[in-house]
Every structure is written in C-alpha cells, then in structure tokens.
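Asker: Need coordinates for the following:
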Amino acid sequence: MFFKLLAAFILVPLMELYLLLQLAEVTSVGLTFLIVLVTGILGSFLARREGVNAWRRFRLAMAEGRMPGTEIQDGMMIAFAAALLLTPGLLTDALGFTLLIPAGRTMVRHFIARRYRGSVQFQVFQSGGGPSGPGPFGQTPHRQPRRRDDYDTIDATSVERRA
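Answerer: Predicted coordinates:
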C-alpha cells in the first residue's frame, strides 16, 4: 500500500505537469493559468453548494430515523472533490468535477460497491444488560438503575510537583 501511495504521489503530479505544459504549448501560458484558476474558483463554489445539499440530506435522513449511509458517502466524496479541485491540474479537476456531479458520485459509489463486495466482514459484539451481568449503567433487566447517591466516595489529595 505504501508503494502504491508513493507511486501515486510521484506519478500524478508528473502527469499533471505534462498535461499543463502540453496545454500551454497548444494555447498559451496565460490561458492555461486562467483555466486552472477558473476551475479552482468554480470548483470551490460547486463544492460548497453540493456540501450544503449533502448536509441537508444527512440531517433529513437522521430526522426520519434512517441510516444516512449514502449521505455520508456523498459528503466524503464532495470533500475529496473539493481537495482535488484546489489542486492545480487537469486530471485532478476532471476527477473533482466528476465527484461533484450527483450522477458521478452514484457511478463511483457503484464502482466501489462492486469492487469490494464480499471482501468486507462485520462482527457484532454485545455486552451487558443480559442474564450474564449488569448493563453499562449498573442496571439489569430485573433491577432499577442505581441512584446518584449510591456511589462510593473516594477521598483523594492532589500533590503538585514543582520542577
């Protein structure tokens, strides 16, 4: 994994630099700089708008009592898209704009689901509250919770050490 990340951090900037130089050669340095600047500004506005919409959908799902899985994924993809759009380059901008479009996020979500289907396992551990012992707050199904004044008091002295 380390070598894949290292390769990505080396190869992606090299490809971005190559593409920017090619674009500057075909058009001009000024136009290339303007394209990079405009995509960054436009991307930040779109990321903010989509982020607010994703937050609104997240809060609605929570209010309805639904698990906000898709909304959380959208929020993470929008944050990643914003980071990509603030990075100067054509490839990162293309991927960032793809993640800002709802259809693009759906496409990426389905790709990731197909890619990792069957490779994720969950284990659930349960503790307390049953016949084997008390629950996390001192109660069992057959006993009332402990009152606030039932707790033991421990006397302690604070010692300050001077250097």
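Asker: Now do the residue nearest to Gln73 when sequence neighbours are not counted: how many residues are near it, please.
Answerer: The spatial neighbour of Gln73 that comes closest, neighbours along the chain excluded (C-beta to C-beta, 6 or more residues apart in numbering), is Arg109 at 5.9 Å. Using the backbone N, CA and C atoms, a C-beta is placed for each residue, glycine as well. Using other C-beta atoms under 10 Å, Arg109 is surrounded by 15 other residues.
Asker: which SSE is Arg109 in?
Answerer: helix 102-116 (DSSP states H and E).
Asker: Can you list the low-confidence ranges for this structure?
Answerer: Within the chain, the segments meeting pLDDT under 70 span 120-153, 163.
Asker: between the lengthiest helix in it and helix 102-116, how big is the angle?
Answerer: In the chain, assigned by DSSP state H, the helix with the most residues is helix 29-63. Computed by axes from the mean of the first three to the mean of the last three C-alpha atoms, to 10 degrees, the angle separating helix 29-63 from helix 102-116 equals 70 degrees.
Asker: in helix 29-63, what counts as buried?
Answerer: Residues of helix 29-63 classed as buried by neighbour count (16 or more other C-beta atoms under 10 Å): Thr32, Ile35, Val36, Thr39, Gly43, Leu46, Ala47, Glu50, Gly51, Ala54, Phe58, Ala61.
Asker: how far away is the second one from Phe80?
Answerer: By that I understand Ile35. Plainly put, Ile35 is 21 Å away from Phe80 if you go by C-beta to C-beta, to the nearest Å.
Asker: on that earlier part again, excluding its own residues, what touches the helix holding Arg109? List them.
Answerer: Glu50, Thr70, Gln73, Asp74, Met77, Ile78, Phe97, Thr98, Leu99 (C-beta atoms under 8 Å, 6 or more residues apart in numbering).
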